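Peer 1: Fold the following for me, if possible:
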Amino acid sequence: MRLAVLLTALALPAGAQQATLQTALPDTAFPTDFGGAYALTDHHGRTRTQADPDGNLQLIFFGYASCEAICTVALPIMSEMGEALAKQGIPVTPLVVTVDPERDTVDTMGPALAEFAPGLTGLTGSEADLAAMRDLFHVERQALFVDPAGSTVYAHGSHIFVMDGEGGFLTLLPPILSTERMVEIVAGYAAG
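Peer 2: Numbers count the residues shown, from 1 in each chain. Predicted structure coming up:
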């Protein structure tokens with residue numbers, strides 16, 4: 001980030017260069033306001049909030065428990081990450097927040113996740129509660145079409161949010177990173 005500021009500064013006139021170089025940098029390389037207080041229901045019927053009950057780092061993804069698109073890539077990756085981190089002695093809690101509470105219910109999320117993404121916990125709730133959580137993470141959901149079975153198909157975010165045990169934002173992981181690199185990044189936060 002400092003290099004980007006320096007390169008930008010070099011393209012400016014002398015007076016502007018000095019002002020740019022003296023500008024205070026943010027405390028974090030990724031300033032943002034992702035996350036906040038929420039209360040949803042997990043696929044076991046228990047209330048979950050932003051604080052992990054065991055104080056573990058949390059991986060949060062917004063999607064479907066059963067999906068035929070990006071979720072079938074992201075959710076198994078989260079499952080693999082959880083296993084790889086556990087082998088390093090780093091417990092994490094991978095969470096899937098549904099974008100479709102009509103399809104993903106307390107009864108349907110568990111079996112779907114167990115089938116292709118073991119170790120993940122599904123979160124659902126009312127449409128209003130889920131919309132409020134999407135707002136906290138700046139995740140958009142857009143209805144695309146109704147499939148032949150009569151279910152609405154939604155476009156939704158594809159990043160994995162890494163949160164601390166209290167629900168504070170640490171970073172987000174884009175889906176283009178390898179599983180190994182994502183594990184390395186999360187392990188770095190656990191050590192820090």
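Peer 1: tell me, how many neighbours does L75 end up with?
Peer 2: 26 (other C-beta atoms under 10 Å). C-betas here are computed from N, CA, C, even on glycine.
Peer 1: Check what pLDDT it gets.
Peer 2: Turning to L75, the model gives it a pLDDT of 80.
Peer 1: list the contacts for it?
Peer 2: By C-beta atoms under 8 Å, 6 or more residues apart in numbering, the contact set of L75 is 61, 63, 65, 67, 96, 113, 116-117, 120.
Peer 1: okay, the residues you listed in JSON lines with pLDDT and distance to D52 next?
Peer 2: Shown next, in JSON lines, are the contacts of L75 (pLDDT from 0 to 100; distance: C-beta to C-beta, whole Å):
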{"residue": "F61", "pLDDT": "91", "distance to D52": "15"}
{"residue": "G63", "pLDDT": "86", "distance to D52": "20"}
{"residue": "A65", "pLDDT": "78", "distance to D52": "19"}
{"residue": "C67", "pLDDT": "62", "distance to D52": "24"}
{"residue": "V96", "pLDDT": "93", "distance to D52": "15"}
{"residue": "L113", "pLDDT": "85", "distance to D52": "17"}
{"residue": "F116", "pLDDT": "75", "distance to D52": "23"}
{"residue": "A117", "pLDDT": "79", "distance to D52": "18"}
{"residue": "L120", "pLDDT": "89", "distance to D52": "14"}
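Peer 1: Which members of the residues you listed are positioned in strands?
Peer 2: When the contacts of L75 are checked against strands (DSSP state E), the matches are 61, 63, 96.
Peer 1: what's next to stretch 127-143, contact-wise?
Peer 2: 34-36, 38-40, 60, 62, 97-99, 101, 124-125, 152-157, 161.
Peer 1: So for the helix or strand containing A132, what gets flagged as buried?
Peer 2: Taking DSSP states H and E as the criterion, A132 maps to helix 127-137. By neighbour count with 16 or more other C-beta atoms under 10 Å, helix 127-137 contains the buried residues 129-130, 132-134, 136-137.
Peer 1: In this structure, where is pLDDT below threshold?
Peer 2: Scanning the chain for pLDDT under 70 picks out 1-31, 66-73, 155.
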